[in-house]
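**Q** dropping the sequence and predicted coords here.
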Amino acid sequence: MWTTCTTNSTNNYFYMNKIFLTMTLAALSLAAAAQGLRRGFQREVFTTQTPMVHDPVMAKEGDTYYIFATGMGIQQMTSKDRTTWTVQPQPVMTVIPGWTTDSVPGFRNHVWAPDVIQWHGTWWLAYSCSTFGKNGSAIGLLSTRSLRSNMWEDKGCIVTSREKRDNWNAIDPNFIIDDNDQPWLVWGSFWDGIQLARLDSTMHLAKSSTPKTIARRYDPKAKVTEENPTSKYAGTNAIEAPFIFKHGGYYYLFVSWDYCCRGAKSNYRVAVGRSKTVDGPYLDRNGKDMAKGGGTIILEGDKQQWEAAGHCAVYNFEGLDLFICHGYSATQNGAAMLIQRPISWTADGWPELKAASNQANNQDFVKGADVGFLTGQELRGVKFHDVKGNERECLELLKNDYQLSAIRMRVWVDPLRGECDKHELLAMAKRAKALGMDLMVDFHYADSWADPAKQPIPHAWQGHSFEEMKQDLRLHTLDVLSLLKANGITPRWVQVGNETANGLLWPMGHIQEHPKQYAGFIRAGYDAVKEVFPEAIVIVHLDRGHLQQLYDSNLDTVLKYGGRFDMIGMSLYPYWARQDHPELHPDSIITDCIRNIRHVSQKYGCDVMIVETGYEVDEQHPEVMEEGRRQLARVVREARTETNGRCRGVFYWEPQCQPGFYRLGAFDRNATPTAIMNGFIE
């Protein structure tokens, strides 16, 4: 039978952090021997935001995320935010069950490809015992009531495979619970591919269950001429690491194709198919059965950040569908590192992942300014000067003296006085283009200001249904962007909404009252942008960049209901944050914002931009402006160097404003830059 395990030792052993502390002096010699083995597995505890990991799976218990992965005794790490991980010094198993080495010739302590699931109040962990390139293997089972306790009970083996007996390999397990609360196990690597079998209530193979092949790399009838570069035994059916995830009436089977474990030479990639029933057939997007070589590629190496990527797992954490895997780093000599990507779903129900972004270098980092008031200032006769008193054109001054390479312009739907309309946007965009500056377009989707306190529906859209208003939003976006395109202007970034922490187009798109409609508006804007400028980076913009919970809640909602974005925009205003919370120090607000950038970029798999910031001008107190310079310099510096390359720039909101008009500009009453602007050039 497939569950037969050779054993000369008990398989009812408890793995506990404190087991050795409870041993009596009478067992001192045994304890010392066990401690020696334990020290062999143990390492120093440390934290990292770029964990090196192979074959990761994830779980959440309480407020803590857990990763279990290939390693001596099963590697484990924990995190509160999925950004900063604490690598635990002790593995899951400090002593490997005796049946594993008895059953798998050559296996010692290096445990592969675990999986973990909670079912009926118990956590179950399956793991692989094998030797590379051979199918004399076994899948073991542990259980615990709590991940926090790290007290695991050995439950023996679930399934074994034998060389010359079985044409499949008992490694890479994954649990799936079907709609009838029936547990199944899917597993496999090379040979005849991916196997599926029904489990009983103890998470072992059910008596009447027979393994069934549900996916192969190639059609069995195909003639494959390539050789396996890793094993002379396994054949060329290069498929492994199955994971089944239930979503929207389908079971989705994710598998890894081709070859892992060769560092920078790896060519691993992930394919997917789906089925209405857990036991298949699983068909790819073109309708081809995965058992006959079907599969739709969802992730592969970009050869810039990742040489290859695979062995994935998929979860839903608090409304966010999350894809994780390991990737072989193109910049770190093929080291295996954790990848996390949010999943969005197409209209016909297929998963899509956000493309991995390269880390920014200094040349990629953008410094810019929102200059929406500039046209009005010039119409009022304001003349700008540099610090030497020379009259200068404002954009040219910002670019040449302060290294600003981009502008941001808001656009309103039908403003009463014509300010901030599409024609004003076009005129300023032409000026920026002439100077070689990039453009960010900020759609407010209102006739005037839209911000966290108000998101008014434009007059012409009032009384419309949700579907009609989505079309209004789409047509307005197309109209504005088409005007730019017709005049040779290509925006680099486009915001769909301005500071939409509470949604947009209230009450129709209020996030608390109508979260699905809010996400629908974001998606309508995203699609409209891509229709005109497919390469434009679409931004969702929220205020209060220091509040992680705000971003988690809002962006989870956007993705849960089908919204999309390429980049996250943040506002960072220590001055305004302290109006509501004077006990906060500006530096703590900045620290929290930088931390949040790292968090959301990791969680959502995309880059971030600080699209608004500003600091107080007080000409009577130069020290205030010097403090503003210090804060701005810190924001620019840490956004560039302390975010793992994921913050792509900083925009100052209306720096050219004079203090009598707006107190957080960066120019004085004579329209001359103050010391604050020096924060851009330090």
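**A** Now that the structure is in, tell me what you want to look at.

**Q** hang on, isn't residue 568 packed against residue 603?
**A** No: in this structure residue 568 lies outside contact range of residue 603 using C-beta atoms under 8 Å: 9.9 Å. (C-beta placed from N, C-alpha, C; glycine too.)

**Q** export the strand or helix carrying residue 441 as CSV, just CAs?
**A** Residue 441 belongs to strand 438-443 when assigned by DSSP states H and E. Output in CSV follows, covering the C-alpha atoms of strand 438-443 (Å, rounded to 0.1, in the frame of the first residue of the first chain):
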residue,chain,number,x,y,z
ASP,A,438,7.4,64.2,-16.8
LEU,A,439,3.7,64.6,-16.1
MET,A,440,1.4,63.1,-13.5
VAL,A,441,-2.4,63.7,-14.1
ASP,A,442,-4.5,63.8,-10.9
PHE,A,443,-8.2,63.1,-11.7
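
**Q** note down every partner strand of it and its orientation.
**A** Take DSSP bridges as the rule and strand 438-443 pairs in its sheet with strand 406-411 (parallel), strand 493-496 (parallel).

**Q** send the alpha carbons of the last one over as CSV?
**A** Extracted in CSV, the C-alpha atoms of strand 493-496 (Å, rounded to 0.1, in the frame of the first residue of the first chain):
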residue,chain,number,x,y,z
TRP,A,493,1.5,58.5,-14.2
VAL,A,494,-2.3,58.9,-13.8
GLN,A,495,-4.2,59.1,-10.6
VAL,A,496,-7.7,57.7,-10.6
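
**Q** distance between that strand and the chain's centre?
**A** Distance, stretch centre to chain centre, for strand 493-496: 20 Å (C-alpha atoms, centre = their mean, to the nearest Å).

**Q** ok, stretch 520-530 next?
**A** 20 Å.

**Q** could you list the buried residues of that stretch?
**A** 520, 521, 522, 523, 524, 525, 526, 527, 528, 529 (16 or more other C-beta atoms under 10 Å).

**Q** repeat that for stretch 675-682.
**A** Neighbour-count burial for stretch 675-682 flags 675, 676, 677, 678, 679, 680 (criterion: 16+ other C-beta under 10 Å).

**Q** wait, residue 153 touches residue 144, no?
**A** Yes: using C-beta under 8 Å, residue 153 is in contact with residue 144, at 6.8 Å.

**Q** more crowded one of the two?
**A** Of the pair residue 153 and residue 144, residue 144 is the one with more neighbours under other C-beta atoms under 10 Å, namely 21 against 16.

**Q** what's opposite the more buried one in the beta bridge?
**A** Here residue 144, judged by DSSP bridges, has bridge partners residue 123.

**Q** returning to what we had before: ok, which of the strands paired with strand 438-443 comes nearest residue 668?
**A** Nearest of these to residue 668, taken as C-beta to C-beta: strand 406-411 at 21.1 Å.

**Q** what comes into contact with the closest one?
**A** Residues from elsewhere that reach strand 406-411 (C-beta atoms under 8 Å, 6 or more residues apart in numbering): 366-372, 395, 420-422, 424-425, 428-429, 432, 437-444, 480, 492, 498, 611, 649, 651.

**Q** which members of those residues occur in strands, if any?
**A** Among these, the members falling in strands (DSSP state E) are 366-370, 438-443, 611, 649, 651.

**Q** widest-spaced pair of the buried residues of stretch 520-530?
**A** Pairwise over those, using C-beta to C-beta, the maximum falls at 520 and 529, 15.2 Å.

**Q** tell me which residues of the single longest strand found in the chain are tucked away?
**A** The residue-count maximum for a strand in the chain (DSSP E) belongs to strand 306-317. For strand 306-317, a neighbour-count test (16+ other C-beta under 10 Å) marks 306, 307, 308, 309, 310, 311, 312, 313, 314, 315 as buried.

**Q** repeat that for stretch 630-649.
**A** Under the neighbour-count rule (16+ other C-beta under 10 Å), stretch 630-649 has 630-636, 638-640, 643, 645-649 buried.

**Q** perfect, that will be all.
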